[in-house]
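>>> sequence first, predicted coordinates after that:
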Amino acid sequence: MALTPLNLLLVTFNALRGNPVRSLLTTLGVFMGIVAVNSTLQVQVISEQIIEAQLASQLAPQIFTWMYPGGITPQRMSRITGEIQGIAGMTGMILNPGWQVRRGNYEALIQTYAVSPNYLAINGLKLVAGRGFQDQDFANFRAVGIIDQAGAKELFPDQDPIGQTLIIGSDAYRIIGIMEAKPFEKNGRVWSTFIVPIALAYAQQGHEETNEWTLQPEHWQEIPEKEAALMAALEQQFPDRNSGTWSNVGQIADQQEVLTLVSRGLLGVGLIALVISGVGIANITLASVLQRRPEIGLRRAIGATPGDILRQFLLEAIALSLIGGGTAILVVHIAAQGITAYFDLPYRFQSRTAWLSLATATIVGAGSSFFPARRASNIEPMSALRDD
């Protein structure tokens, strides 16, 4: 008997008609095991989505480093980061110490950075209006800048900031773009920010040294390791200077560790539930074999082979397992929707999770029933008929 949808329906119907209580118990055993497994998978999915949402709500995962007195040239910083595996990029920054920005007669405290061309990419920031920096802005020392949404709202509540002028110290900068406003880290404060090309700052200070740098790791989970390697390199090469590092994923990393421990605990519970359901299915199938000895003997007497008997019992177990597994997936999905909506958590149904759960249900059902089914296939026809 082939494993087709029609055959599965037929054997399911026959199993339910022959002994509905036994079939219900088999389905219930699989249901309980798959509920535990699918719940674990859903917790992992929701945890991943929570982390993704939190990372998206702040500046991109990064290592921020500073050094005083003096600074580091881009060439030397490239050599330092080149020796640290797993660093995807870096950007230099020069902070305006006063934070004082004027627009006409109005003054505001806004973080002002002279930055490298890749500042937006390293920080995971998008433009919401205007344009970004171009190569000509750096090559021609243009006095242009990009303001974030928070600064634009503060300085230009009733008009478009694009094309307007801001005064920083004695320098005037024309606004060419507006970027997203994000906090440095989770639950952090959103500081109004204005960025300008670092080439002009280099020209004004007479050298290309920068005392603040941002490094972007290839994988944010490796930030503690990369941060330690960077700090060791700075202390080795600049023993006479003060330097330090910090990152913006500490809180998220701690949260992920807790969620991982919870997922592992639930996985253990799920595996125990699967083992228990497997043992239950095996016992129920064995009882079914003993009860159906006359039926098996009759089928063997009219030409059924041991393989036909084996496939019959396995198909019955698989069919009931798929019913139990599919019902479990539906129940967990509905529960996950309700729980995540109540607690305002991100949730997306993932088909790979459902398929994995169904595959688990099939394996548990077929695996638990294999030895009882094999025992059924070895029953001698005459012996079974005499038991009738």
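Yep, it's here. Just so you know, these numbers come straight off a predicted model, no measurement behind them.
>>> CA atoms for contacts and neighbours, from now on please.
Noted.
>>> helices along the stretch 51-200 of the chain, start to end?
74-82, 119-123, 135-139, 149-155, 198-205 (DSSP state H, counting those that start in this stretch).
>>> would you turn these into TSV with mean pLDDT, mean neighbour count and distance to residue 278?
Listed next are the helices of the stretch 51-200 of the chain as TSV, based on pLDDT from 0 to 100; neighbours: other C-alpha atoms under 10 Å; distance: least, C-alpha to C-alpha, whole Å:
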stretch	mean pLDDT	mean neighbour count	distance to residue 278
helix 74-82	90	14	53
helix 119-123	93	19	50
helix 135-139	94	13	65
helix 149-155	92	20	58
helix 198-205	90	16	66
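>>> residue ranges of the strands in the stretch 151-300 of the chain, please?
165-168, 171-179, 193-197, 212-217, 242-247 (DSSP state E, counting those that start in this stretch).
>>> quick one on the thing from earlier: so which of the helices of the stretch 51-200 of the chain gets nearest residue 104?
helix 149-155 (10.2 Å; C-alpha to C-alpha).
>>> now do that closest one: which elements does it pack against?
Judged by 3 or more C-alpha pairs under 8 Å, 6 or more residues apart in numbering; DSSP states H and E, helix 149-155 is in contact with strand 171-179, strand 193-197.
>>> what residue lies at the spatial centre of this structure?
The centroid of the chain falls nearest to residue 48 when counting by C-alpha atoms, centre = their mean (3.2 Å).
>>> that one sits in which helix or strand?
Assigning secondary structure by DSSP states H and E places residue 48 in helix 20-56.
>>> mind listing what's buried along that helix?
22-23, 25-51, 54-55 (16 or more other C-alpha atoms under 10 Å).
>>> rewinding a little: right, and the strands of the stretch 151-300 of the chain - which one's nearest residue 282?
Across those, closest to residue 282 is strand 212-217 (C-alpha to C-alpha), at 50.4 Å.
>>> and that closest one, what's buried?
212, 213, 214, 215, 216, 217.
>>> per-residue pLDDT, the residue nearest to residue 269 when sequence neighbours are not counted?
Spatially, and ignoring its direct neighbours in sequence, residue 269 is nearest to residue 36 (7.0 Å; C-alpha to C-alpha, 6 or more residues apart in numbering). Residue 36 is assigned 82 on the pLDDT scale.
>>> quick one: contacts for residue 36?
Neighbouring residues of residue 36 by C-alpha atoms under 8 Å, 6 or more residues apart in numbering: 266, 267, 269, 270, 271, 273.
>>> give me the neighbour count for the first one.
Which is residue 266. 19 (other C-alpha atoms under 10 Å).
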